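Give the three-dimensional model of this entry:
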Amino acid sequence: MGVDYLSSPRQWDKLVKLVRESGVCGLDTEFYGLDCSKQSCVGRARVHVWSAAVRTARMGPLGFRLCRGWCLPVAALDYPPVKALLEDPKIRKEVHNQPVDHHALANHGVTLRGARNTLGYIKWKLPHLINTPGRFKLKALMTSLLGREPVNTFKGVLADTRVVSIIKMKRKPIKGCSCGTPKCKKRKSTLFETHDKWTRVAEVETVRQKVEKFDWALEEVTPEHPKWDLLVEYAIEDAVAALQIEEIADEVKEPAPWPYAPRGAALAR
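Residues are numbered from 1 along each chain as shown. Predicted coordinates:
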């Protein structure tokens with residue numbers, strides 16, 4: 001699949017096959033419908049696009065495998081082979097901050113199984129990262145752990161500018177002459193014409209153009225939208241990063257027993 005965005009069932013079938021052969025994938029969702037800093041995703045979050053990534057055979061210069069990712073529409077969640085893959089506990093999904101994606105998918109009838117929260121996993125394996133800028137946030141880990149700068153932030157993907165016209169009514173004095181000649185400078189009246197000067201105030205419309213900042217709604221960014229390619233790249237990057245963060249964490253010796261489950265129990269649920 002030489003494209004980044006998979007829009008057809010034929011392409012979804014190929015992705016399902018790749019992920020099942022790999023046994024593990026990175027996963028991420030881009031959703032709307034709430035303010036994550038104030039509200040729960042339960043019953044609110046609606047997925048617009050989502051992404052999956054698998055490892056390639058190539059090793060990167062920093063010691064972890066390079067990955068290939070794809071972005072898919074929300075419609076793919078209703079496709080039976082895709083839904084079965086996401087609900088298969090035998091296929092591991094690496095998801096950073098997994099609970100929010102879990103609830104977002106549940107709002108579309110998908111019960112995510114086999115998922116591991118790489119946010120909790122990296123906190124356990126590499127707790128010293130708490131002293132780095134951004135701590136354990138995914139974009140911060142791309143810089144501190146994966147050695148690359150993120151393509152953008154979620155807010156940056158949706159931010160844009162536009163030129164708007166500011167229309168105002170302005171009171172303006174208008175001068176004239178009784179003879180009707182524009183800008184008449186004659187002062188004396190004659191037998192045939194008068195030159196009585198007059199002044200009145202009129203409402204005049206003025207138009208000024210201004211560059212305005214604004215944010216697109218996520219659901220407005222569709223394949224025909226100028227921000228679409230950036231959204232696809234952004235979504236894929238998150239799935240790839242989760243998979244690579246998991247690989248790095250796997251190589252680190254356990255600093256202490258996993259505190260939230262019996263020793264040896266998988267993080268996946």
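
With adjacent residues omitted, what lies nearest to I236?
Nearest residue to I236 in three dimensions, chain neighbours excluded: G69, at 3.7 Å (CB to CB, 6 or more residues apart in numbering). Any C-beta I mention is one placed from the backbone N, CA and C, and that applies to glycine too.

Likewise for A256?
Computed as CB to CB, 6+ apart, the closest residue to A256 that is not its neighbour in sequence is W124, at 7.8 Å.

Off-centre distance for the strand or helix carrying that neighbour?
Using DSSP states H and E, W124 maps to helix 118-125. Chain-centre distance of helix 118-125: 23 Å, with CA atoms, centre = their mean, to the nearest Å.

How about stretch 70-88?
Relative to its chain's centre, stretch 70-88 lies at 19 Å (CA atoms, centre = their mean).

what do you get for stretch 183-198?
Its chain's C-alpha centre and that of stretch 183-198 lie 69 Å apart, by CA atoms, centre = their mean.

Just the mean pLDDT for it, thanks.
The average pLDDT within stretch 183-198 is 81.

who's in contact with it?
175-179 (CB atoms under 8 Å, 6 or more residues apart in numbering).

on that earlier part again, which helices and strands sit right next to the helix holding W124?
Packing partners of helix 118-125 (3 or more CB pairs under 8 Å, 6 or more residues apart in numbering; DSSP states H and E): helix 228-250.

Give me the buried positions along the helix it packs on.
230-249 (16 or more other CB atoms under 10 Å).

and the angle for that helix with helix 118-125?
Per axes from the mean of the first three to the mean of the last three CA atoms, to 10 degrees, the angle that helix 228-250 makes with helix 118-125 is 30 degrees.

And helix 228-250, what does it pack against?
Short answer (3+ CB pairs under 8 Å, 6+ apart): helix 228-250 packs on strand 24-32, strand 46-59, strand 65-73, strand 92-95, helix 118-125, helix 138-144, helix 154-158.

Return the most buried member of these.
Burial of those is given as mean neighbour count (mean count of other CB atoms under 10 Å); strand 92-95 ranks first at a mean of 27.

Let me see the mean pLDDT of that strand.
pLDDT averaged over strand 92-95 gives 98.

What pairs with it, parallel or antiparallel?
When pairs are called by DSSP bridges, strand 92-95 turns out to pair with strand 24-32 (parallel), strand 115-117 (parallel).

now those strands as JSON lines including distance to V221 and mean pLDDT?
Below are these laid out as JSON lines (distance: least, CB to CB, whole Å; pLDDT from 0 to 100):
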{"stretch": "strand 24-32", "distance to V221": "9", "mean pLDDT": "98"}
{"stretch": "strand 115-117", "distance to V221": "26", "mean pLDDT": "96"}
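
Checking the residue lying closest to Y79 once chain neighbours are set aside next. Helix, strand or coil?
Once flanking residues are discounted, Y79 sits nearest to W12: 5.4 Å by CB to CB, 6+ apart. At W12 the chain is in helix, as set by DSSP: H, G, I helix; E, B strand; the rest coil.

do L34 as well
Under three-state DSSP, L34 comes out as coil.

How about it: what's its closest non-neighbour residue?
Nearest to L34 is R44, by CB to CB, 6+ apart, at 4.2 Å.

Could you check how far that neighbour is from A106?
11 Å (CB to CB, to the nearest Å).

do the same with W258
Taking CB to CB, one finds W258 at 25 Å from A106.

Give me the below-cutoff pLDDT ranges for this structure.
In the predicted model, the chain carries pLDDT under 70 at residues 1-2, 259-269.

at 80 instead, please
1-2, 188-192, 256-269 (pLDDT under 80).

residues touching the residue positioned nearest the centre of it, list them.
Nearest residue to the geometric centre of the chain (CA atoms, centre = their mean): F154, 3.8 Å. The contact partners of F154, by CB under 8 Å, 6+ apart, come to 30, 234.

show me what contacts the residue nearest to Y79?
6, 72, 76, 79, 81-82.

what do you get if the cut-off is 6 Å, keeping everything else the same?
With contacts defined as CB atoms under 6 Å, 6 or more residues apart in numbering, W12 is in contact with 6, 76, 79, 82.
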